[in-house]
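J.: how would this look folded up:
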Amino acid sequence: MMRLLNQRLSNPQKIALSFLFVIFIGSLLLSLPISQLPTSQATYIDHLFISVSAVCVTGLFTQSIAESYTRFGQVVLMALIQVGGLGLMTIIGLIYIRIGQKIRLSNQLVLADALNKESVFDTKDFIANIFKYTAIIEGIGALLFATYFIPHLGWFKGTFTALFMAVSAFCNAGFDPLSNQSMIPYQTVPVINWTIMALIVLGGIGYSVWFDISHQIRHFNWHHPKLSLRMAYKKLHIHSKLALLMTALLILIGALLFCLVEWHNTQTIGQLSIGNKIMTGFFQTITMRTAGFASIDYTLAKPISLLIFIVTMFIGGSPGSTAGGLKTTTFALVLMMAWAEIKQSEPINFAKRTIPRPLVRKAFVIFMLYVSLLVIGSGLILSFDPGTDYLYILFESVSAIATVGVTANLTTELSTASHIVIMLMMFIGRIGPMTMFLSLRFKNDDKTEVNYARGNILIG
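T.: Numbers count the residues shown, from 1 in each chain. Below is the predicted model:
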């Protein structure tokens, strides 16, 4: 039966169902009495919402994590974040590798789709390296967090908090087991802020970029560092160059705009020292790369700041990573296409390479799908909760579909119907709207393409 089902399901359907399976199991585990604190007021819908948010590495919640779940429940939550960040198919692939089982070609194709990998070549090494790098990066992050949390919280709680924070930050989830204020109480603690920022960037840059940079580091010529650095950049794959360029630009421009707007706002960063203002500016910009941590109260930020955050969240991180959003490279291709049309130029070039037109068209389709889902989702929330400020609804909707997890203190105030909409948006945002729509199709759909005589339509 399972083999027949496996043959009938398409790759997008397998990916979607793997996430749904983990979400359902997670909601049941979080519902167990052993997971509940005496102070918990959570219903099954709350558990389901938090499970969706954890597996989709978002960070939104309808009930307090610190006041609802025991240590066991928080361990379940951390496991859901880790599985959601790496993907169930990737973890199953690693298990197959460890027990020496051969991964069938059909399953290798699913893994390649889940990881945004171009081909099935070297899939085993790719998966093994993902887990190796993840363990190293999260381990270093946990050690850095431990230097602060252990002295303040004690060995057991401090160690657990450090590990939880490392997993949550690297997976771009935004959950924390401390309080309902996220990182606001730690706004001026450098080791917490910079460690979170580093983990978010490393988790959101993409696996292929890691391995590309790692390869260049191994072949770095230390005798001629300046020359070698230039050569290393030239040898990077075009995807890595574009992802790194867009990431750097978004962080620098976002931090600059945030600091300019909020510099004198005493309710956010106006009362801080210059160094802490800059650190908070970078923290807020980087966390908007789909991480969900907050070191300011968004209801006290200026509306223009929320608009800047909405744009940053919408773009998101890089493909093949733990991050969500439209993706940096997709946004870049849409911009390149628009610029080429303005110049009336046929080829779209970057780094002395011509981007294939079908790839650019796909990027535009994904962009339109995200925009459409955002309009529909925010419209439904507005209809279910009509008295709510639409800027906050838009902020919440982008946060959900881009799997960011920040909120202007709105999530807990929304109706159950709006919570269901947000769950759907988080799920579609995590697996990708293209994967979602393809998963609704059957493998044996007949493809009939008919070409008629050409017709012109006036536009513009």
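J.: right, and Ala42 touches Ser68 too?
T.: Yes - when contacts are counted by Cβ atoms under 8 Å, Ala42 is listed as touching Ser68 (4.9 Å). (C-beta placed from N, C-alpha, C; glycine too.)
J.: please enumerate the shared neighbours of those two.
T.: Gln36 (Cβ atoms under 8 Å, 6 or more residues apart in numbering).
J.: need phi/psi at the residue positioned nearest the centre of the chain.
T.: Nearest residue to the geometric centre of the chain (Cα atoms, centre = their mean): Ala323, 2.2 Å. Dihedral pair for Ala323: phi -90, psi 160, per degrees, to the nearest 10.
J.: quick one: residues contacting the residue lying closest to it once chain neighbours are set aside.
T.: For Ala323, ignoring the flanking residues on the chain, the nearest one in space by Cβ to Cβ, 6 or more residues apart in numbering is Gly317 at 2.3 Å. Listed by Cβ under 8 Å, 6+ apart, the contact set of Gly317 reads 172, 203-206, 247, 289-290, 323-325, 327-328.
J.: do that again at 7 Å, thanks
T.: Asn172, Gly204, Arg289, Thr290, Ala323, Gly324, Gly325, Lys327, Thr328 (Cβ atoms under 7 Å, 6 or more residues apart in numbering).
J.: can you pull out the strands in this protein?
T.: 349-350, 353-354 (DSSP state E).
J.: most tightly surrounded among the ones you listed?
T.: When these are scored by mean count of other Cβ atoms under 10 Å, the highest mean neighbour count falls to strand 349-350 (a mean of 13).
J.: isn't the residue nearest to the centre of the chain right next to Asn172, touching?
T.: Yes - between Ala323 and Asn172 a contact is recorded at 4.9 Å, counting by Cβ atoms under 7 Å.
J.: pull up the overlap in contacts between those two.
T.: With Cβ under 7 Å, 6+ apart, Ala323 and Asn172 have common neighbours Gly203, Gly204, Thr290, Gly317.
J.: tally of neighbours for the third one?
T.: Read it as Thr290. The tally of other residues near Thr290 (other Cβ atoms under 10 Å) stands at 34.
J.: and Ile355, backbone torsions?
T.: According to degrees, to the nearest 10, Ile355 has phi -80, psi 130.
J.: can you tell me the closest non-neighbouring residue to it?
T.: Nearest to Ile355 is Ile348, by Cβ to Cβ, 6+ apart, at 4.5 Å.
J.: need the helices for the stretch 101-250 of the chain, in chain order.
T.: Assigned helices in the stretch 101-250 of the chain, in chain order: 105-114, 123-153, 155-170, 190-204, 207-218, 225-235, 238-262 (criterion: DSSP state H, counting those that start in this stretch).
J.: any weak-confidence spans in the stretch 301-450 of the chain?
T.: Applying pLDDT under 70 to the stretch 301-450 of the chain flags residues 439, 441-448.
J.: let's see 80
T.: 320, 345-346, 434-450 (pLDDT under 80).
J.: for it, which segments are assigned as helices?
T.: Using DSSP H, counting those that start in this stretch, helices in the stretch 301-450 of the chain cover 303-315, 328-343, 357-384, 390-401, 416-431, 433-439.
J.: need these in CSV with distance to Phe19 and mean neighbour count, can you?
T.: Formatted as CSV, the helices of the stretch 301-450 of the chain follow (distance: least, Cβ to Cβ, whole Å; neighbours: other Cβ atoms under 10 Å):
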stretch, distance to Phe19, mean neighbour count
helix 303-315, 21, 20
helix 328-343, 20, 17
helix 357-384, 17, 16
helix 390-401, 15, 24
helix 416-431, 6, 22
helix 433-439, 10, 17
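J.: let's see the pLDDT reported for Phe211.
T.: Listed pLDDT for Phe211 reads 84.
J.: for Ile251, see how far away it is.
T.: Relative to Ile251, Phe211 is positioned 22 Å away (Cβ to Cβ, to the nearest Å).
J.: of all the helices of the stretch 301-450 of the chain, which lies closest to Phe21?
T.: helix 416-431 (12.4 Å; Cβ to Cβ).
J.: who touches that closest one?
T.: Contacts of helix 416-431 (Cβ under 7 Å, 6+ apart): 15-16, 19, 45, 49, 52-53, 56-58, 60, 62, 324, 373, 377, 380-381, 384-385, 397, 400-403, 436.
J.: quick one: it to helix 390-401, angle?
T.: Put simply, helix 416-431 runs at 50 degrees to helix 390-401, going by axes from the mean of the first three to the mean of the last three Cα atoms, to 10 degrees.
J.: starting at the chain centroid, how far to helix 416-431?
T.: 15 Å (Cα atoms, centre = their mean, to the nearest Å).
J.: can I get the CA coordinates of that helix in PDB?
T.: Taking C-alpha atoms only, helix 416-431 is exported to PDB below (Å, rounded to 0.1, in the frame of the first residue of the first chain):
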ATOM      1  CA  THR A 416     -10.100  31.500  15.800                       C
ATOM      2  CA  ALA A 417     -11.000  32.000  12.100                       C
ATOM      3  CA  SER A 418      -8.000  34.400  11.700                       C
ATOM      4  CA  HIS A 419      -5.800  31.900  13.500                       C
ATOM      5  CA  ILE A 420      -6.800  29.200  10.900                       C
ATOM      6  CA  VAL A 421      -5.900  31.600   8.100                       C
ATOM      7  CA  ILE A 422      -2.500  32.400   9.700                       C
ATOM      8  CA  MET A 423      -1.900  28.600  10.100                       C
ATOM      9  CA  LEU A 424      -2.500  28.100   6.400                       C
ATOM     10  CA  MET A 425      -0.300  31.000   5.500                       C
ATOM     11  CA  MET A 426       2.500  29.700   7.600                       C
ATOM     12  CA  PHE A 427       2.200  26.300   6.000                       C
ATOM     13  CA  ILE A 428       2.100  27.600   2.500                       C
ATOM     14  CA  GLY A 429       5.000  30.000   3.200                       C
ATOM     15  CA  ARG A 430       7.200  27.200   4.600                       C
ATOM     16  CA  ILE A 431       6.800  24.700   1.800                       C
END
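J.: done for today, thanks.
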